[in-house]
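# sequence-free structure coming up:
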């Protein structure tokens, strides 16, 4: 296994949790397959040094387990001389910020300080609000344009069910599978196996997007 570390500098604040500080990750090569290891400690991932130290000892985390799976897929595709994107149509994602180009009809916001007009809104509070704060903020939202609100507060089935009924807004859960109070699951293949999640999803829950990509939920 070969490892190449890198640092990326965000062009804007990524979230209330992540800020705009430089981010560290690593590319790994296993045989002929390549994959990425990019932890988000703000969301519970182990830091990069810990991820790589464990991997060097043959131990995996949810993140590196998926990275090894992707490297294996990449190696098989390279051996077959084909692209993993062959035959796929990747839908346009939402725009990450309040300044979408004209071709985007959906944006994802980390705050509601500036809400752009004439687009669908996906708002992610990173579970930083209390239920009472969310109810207060929901009053200021243009509800006819809100696609869903992601992680308004720490997940609790009964609480989220009550919030959904009180606000009339659809709620999205990041990195989890829930039985109640959730309309949309945000699935991140970097740390989750989508096939395993799909096998557990109840018929009333909508799988909206995969790892940040996808069209507006239906």
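Yep, it's here. What you see is a predicted model; the values in this text were computed from it and never measured. Residues are numbered from 1 along each chain as shown.
# name the nearest residue to residue 54, sequence neighbours excluded.
residue 61 (6.3 Å; CB to CB, 6 or more residues apart in numbering). C-beta: built from backbone N, CA, C; applies to glycine.
# and if you look at residue 44?
Nearest residue to residue 44, sequence neighbours excluded (CB to CB, 6+ apart): residue 175, at 7.8 Å.
# these two touch, right, the one you found and residue 185?
No. Using CB atoms under 8 Å, residue 175 makes no contact with residue 185, being 9.2 Å away.
# right, and the residue nearest to residue 54 touches residue 51 too?
Yes. Using CB under 8 Å, residue 61 is in contact with residue 51, at 5.9 Å.
# where do the contact lists of these two overlap?
residue 45 (CB atoms under 8 Å, 6 or more residues apart in numbering).
# more neighbours: which of the two?
Each of residue 61 and residue 51 has its neighbours counted (other CB atoms under 10 Å); residue 51 has more, 23 against 17.
# where does the more buried one land in three-state SS?
helix (DSSP: H, G, I helix; E, B strand; the rest coil).
# for it, what are its contacts?
With contact set as CB under 8 Å, 6+ apart, residue 51 has these partners: 26, 37, 39, 45, 61, 63-64.
# residue 175 and residue 185: which is more packed in?
Shown here are residue 175 and residue 185; by other CB under 10 Å, residue 185 has more neighbours (26 against 17).
# how about that one: which residues does it bridge to?
Judged by DSSP bridges, the bridge partners of residue 185 are residue 173, residue 207.
# look up how far residue 151 lies from it.
12 Å (CB to CB, to the nearest Å).
# give me the common contacts of the two.
Common neighbours of residue 185 and residue 151, using CB under 8 Å, 6+ apart, are 172-173.
# still on that earlier bit, residue 167: which of the contacts of residue 51 is nearest?
residue 45 (30.1 Å; CB to CB).
# and the closest residue to that closest one other than its chain neighbours, what does it touch?
Ranked by CB to CB, 6+ apart and with sequence neighbours excluded, the top spatial neighbour of residue 45 is residue 39, at 3.7 Å. Counting by CB under 8 Å, 6+ apart, residue 39 makes contact with 25, 45-48, 51, 63.
# one more time with 10 Å, if that's ok
For residue 39, the contact set (CB atoms under 10 Å, 6 or more residues apart in numbering) comprises 23-26, 45-52, 61, 63-64, 190-191.
# cool, and residue 139?
So residue 139 contacts residue 167 (CB under 10 Å, 6+ apart).
# now do the strands in this protein.
Per DSSP state E, the chain carries strands over the ranges 2-8, 23-30, 33-37, 106-109, 120-124, 146-150, 171-174, 184-187, 206-210.
# using JSON lines, please lay out these together with distance to residue 89.
Below are the strands of the chain laid out as JSON lines (distance: least, CB to CB, whole Å):
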{"stretch": "strand 2-8", "distance to residue 89": "27"}
{"stretch": "strand 23-30", "distance to residue 89": "26"}
{"stretch": "strand 33-37", "distance to residue 89": "23"}
{"stretch": "strand 106-109", "distance to residue 89": "17"}
{"stretch": "strand 120-124", "distance to residue 89": "20"}
{"stretch": "strand 146-150", "distance to residue 89": "21"}
{"stretch": "strand 171-174", "distance to residue 89": "23"}
{"stretch": "strand 184-187", "distance to residue 89": "18"}
{"stretch": "strand 206-210", "distance to residue 89": "13"}
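# nearest to residue 84, out of those strands?
Comparing the strands of the chain by CB to CB, strand 33-37 comes nearest, at 10.7 Å.
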